[in-house]
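1. 3D, please:
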Amino acid sequence: SRRLLGPACGSGIFLVGFFNRIAEEWARANPHATYDERVDALIELLRDKIVGVDSNGTACRIAAFSLYLALLDQLDPPAIRRLKERGRRLPPLVYDPVKAVRAAARDWGATLYNADFADAPLPKDPEEEFDLVVGNPPWVSRAGREKVTKGAKGKGAAKRKVPPPERPPLLRWCDDQDPPLPVAQEQLTYGFMWKAPRHLKAGGRCCLLVPKGVLLNHQDKSIAFQATWFQAHAVERVINLADLRRQLFEGLEAPALVVRFRPEPPTNATSRTGRTQIEYFAPKTEWAGYRADLLVVSAADRTLVDQMSIVHALERGEAPTVWKERLWGTPRDWLLLERLAGLPKLDRLLYQPSKGERREGLRRWVVGQGFQPEKDNRRRKRSKARPWGDHTRMVEGKQELNLLLAKDECPPLKERYPWLRRYPFKSRAIFHAPHVLVSQGLRVAFADFPAVFRHALQGIHGPRKDETLLLFLAAALASPVTRYFCF
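-> From the prediction side, this is the model:
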């Protein structure tokens with residue numbers, strides 16, 4: 001009675017595995033079935049219990065071929081010969097909506113839809129909805145990219161920002177919902193995570209292999225997606241494959257997650273504690289398992305995560321850290337990190353003029369990003385002349401930041417960077433002393449003299465009376481405790 005939907009079926013590996021399972025279950029339940037009964041039942045399972053969707057026509061045909069092989073594998077060679085002698089053909093499986101309109105008289109299959117998941121004519125009758133949705137959605141971001149301008153050659157070839165391609169139908173589907181469903185980075189996976197559970201029966205389950213950024217990214221749009229999505233779905237299990245990515249997926253650098261969930265709010269699914277508990281697995285690469293080509297999950301790699309605690313953190317605009325804490329940490333680590341997270345945050349002292357924030361109350365330290373020079377030092381239409389003289393000290397992005405900066409370690413600016421692409425006018429105080437400089441790799445230094453730096457560095461500036469506090473901040477940020485906490 002179970003039905004499976006593969007929203008991005010590809011070559012059909014999940015569909016074939018499901019068909020083999022239900023075919024074997026039928027054979028055990030009907031050991032005395034005749035030849036014709038067995039063939040009819042297997043064809044019915046193939047056509048009625050499995051549905052796949054893929055926008056790639058070649059992938060749909062490969063999936064159909066794989067399902068044909070799986071069907072024939074369930075039959076004995078004599079039975080296959082009898083099937084051929086009686087003139088019975090394998091059933092059509094692939095349905096192409098465009099071609100079907102042109103040749104409506106042809107018997108098109110309804111197992112594999114060659115269409116975009118947003119437009120596939122899937123059954124809308126509640127009785128024909130699915131018990132399971134399983135798939136590996138495409139990890140495709142549609143954001144615009146920098147490309148070399150046509151005709152430009154050499155190291156200094158100009159690059160331009162090309163407009164992104166037309167918004168995919170699945171993301172347009174998210175936009176058309178009421179209210180619109182949030183997505184991030186123009187990543188198609190978000191659309192699958194929203195639409196796939198819409199095709200499930202009550203109590204059905206969805207299981208998707210997705211890039212880890214879907215749940216682990218800390219950008220504003222990602223947090224907005226997570227906050228809305230976690231409130232609408234009861235997550236049963238998350239498997240973090242970060243440490244196994246090279247073992248499971250050859251050539252894949254981006255870590256992956258397996259997420260299993262139900263299309264219902266988490267408050268409707270309770271445990272003995274009355275709260276939704278997510279089984280979180282973080283398996284590690286082990287030499288014995290690697291040599292034997294086995295996936296070993298030890299008891300220490302399994303923990304329970306309270307979904308409502310994730311929801312509450314996201315409602316506050318905070319990115320949940322539990323996923324990376326449980327990846328390598330022990331219960332002692334969790335308690336220490338929880339205690340550190342409860343301490344007052346640096347944000348209480350900082351304000352960003354570039355975001356319209358003002359100095360008020362305790363927020364007296366300005367924070368901002370360094371300047372961005374024009375490429376090749378050439379003046380362009382919107383270029384700004386640098387406001388500093390030749391003797392201004394310059395901190396290079398690749399310069400070693402080792403807690404304390406001396407003036408003689410920072411060479412004069414001289415004639416470099418005469419034109420700026422971006423100048424942080426509102427946050428220009430970050431170049432004044434005293435200030436703390438922080439790199440993306442959390443290299444930190446304190447300077448008690450004015451110095452300018454590029455956008456690879458962040459600067460924090462405070463009044464002269466806070467010089468000791470800023471020096472302490474530099475020491476705290478450079479400490480192993482901060483690196484441990486920010487991991």
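2. how near is residue 470 to residue 388?
-> 22 Å (CB to CB, to the nearest Å). Using the backbone N, CA and C atoms, a C-beta is placed for each residue, glycine as well.
3. Tell me which of those two has more neighbours.
-> Legend: neighbour count by other CB atoms under 10 Å for residue 470 and residue 388, higher for residue 470 (22 against 17).
4. does that one sit in a helix, a strand or a coil?
-> Put simply, residue 470 is helix when judged by DSSP: H, G, I helix; E, B strand; the rest coil.
5. Identify the residues contacting it.
-> 365, 434-436, 446, 460, 462 (CB atoms under 8 Å, 6 or more residues apart in numbering).
6. So for it, what pLDDT did the model give?
-> We have a pLDDT of 96 for residue 470.
7. Residue 133 and residue 198 touch, don't they?
-> No. Between residue 133 and residue 198 there is no contact under CB atoms under 8 Å: 9.4 Å.
8. Which of those two has more residues huddled nearby?
-> Shown here are residue 133 and residue 198; by other CB under 10 Å, residue 133 has more neighbours (27 against 13).
9. for that one, what are its contacts?
-> Residue 133 neighbours (CB under 8 Å, 6+ apart): 4-7, 196-197, 199-200, 204-208.
10. Just send the contacts of residue 470 back as CSV, with distance to residue 351, secondary structure and pLDDT too.
-> Listed next are these as CSV, based on distance: CB to CB, whole Å; DSSP: H, G, I helix; E, B strand; the rest coil; pLDDT from 0 to 100:
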residue, distance to residue 351, secondary structure, pLDDT
365, 7, strand, 95
434, 17, coil, 96
435, 15, strand, 96
436, 15, strand, 96
446, 20, strand, 96
460, 11, strand, 96
462, 11, coil, 94
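11. Taking the residues you listed together, which two end up most distant?
-> Using CB to CB, the contacts of residue 470 span at most 13.0 Å, a distance reached by 365 and 446.
12. and residue 279, backbone torsions?
-> Residue 279 adopts backbone torsions of phi -80, psi 120, taken as degrees, to the nearest 10.
13. Report how many residues lie close to the closest residue to residue 33 other than its chain neighbours.
-> The spatially closest residue to residue 33, leaving aside those adjacent along the chain, is residue 41, at 7.0 Å (CB to CB, 6 or more residues apart in numbering). By other CB under 10 Å, 17 other residues sit near residue 41.
14. Next: residue 128.
-> That count, for residue 128 with other CB under 10 Å as the rule, works out to 13.
15. For it, give me its contacts.
-> So residue 128 contacts residue 3 (CB under 8 Å, 6+ apart).
16. what kind of secondary structure is residue 52 in?
-> Residue 52 - assigned by three-state DSSP - is strand.
17. List phi and psi for the residue nearest to it when sequence neighbours are not counted.
-> Excluding its sequence neighbours, the residue lying closest to residue 52 (CB to CB, 6+ apart) is residue 9, at 3.2 Å. In terms of degrees, to the nearest 10, the main-chain angles of residue 9 are phi -70, psi -20.
18. Correct me if wrong: residue 9 contacts residue 15.
-> Yes. Residue 9 is within contact range of residue 15, at 5.7 Å (criterion: CB under 8 Å).
19. which of those two has more neighbours?
-> residue 9 (31 against 28).
20. Can you show me the helices along the stretch 201-350 of the chain?
-> 213-216, 220-232, 245-248, 287-291, 307-315, 322-328, 331-341 (DSSP state H, counting those that start in this stretch).
21. What segments of the stretch 101-250 of the chain are strands?
-> For the stretch 101-250 of the chain, applying DSSP state E, counting those that start in this stretch gives strands covering 112-114, 130-135, 146-148, 159-161, 200-211, 234-240.
22. and residue 440, which of those strands is closest to it?
-> Nearest to residue 440, of the strands of the stretch 101-250 of the chain and by CB to CB, is strand 146-148 at 19.2 Å.
23. For that closest one, the averaged confidence score.
-> Throughout strand 146-148, pLDDT has a mean value of 37.
24. and what of stretch 23-41?
-> Rounded mean pLDDT across stretch 23-41 is 88.
25. Show the end-to-end separation of that stretch, please.
-> 9 Å (CA to CA, to the nearest Å).
26. gap between the nearest residue to residue 123 once chain neighbours are set aside and residue 475?
-> Closest residue in space to residue 123, ignoring its immediate chain neighbours: residue 129 at 7.2 Å, by CB to CB, 6+ apart. In this view, residue 129 and residue 475 are 59 Å apart by CB to CB.
27. Which elements pack onto the helix or strand the residue nearest to residue 33 falls within?
-> Assigning secondary structure by DSSP states H and E places residue 41 in helix 35-48. The helices and strands touching helix 35-48, judged by 3 or more CB pairs under 8 Å, 6 or more residues apart in numbering; DSSP states H and E, are helix 13-29, helix 57-73, helix 77-85.
28. Report the rounded mean pLDDT for the second one.
-> The one in question is helix 57-73. 93.
29. Give me the angle between that helix and strand 50-54.
-> For helix 57-73 against strand 50-54, the angle by axes from the mean of the first three to the mean of the last three CA atoms, to 10 degrees is 160 degrees.
30. who touches helix 57-73?
-> 9-13, 15-16, 19-20, 23, 42-43, 46, 50, 52, 54, 80, 90, 93-94, 96, 109, 111-114.
31. low-confidence ranges in this structure?
-> 88, 97-109, 126, 141-165, 250-253, 268-275, 288-290, 292 (pLDDT under 70).
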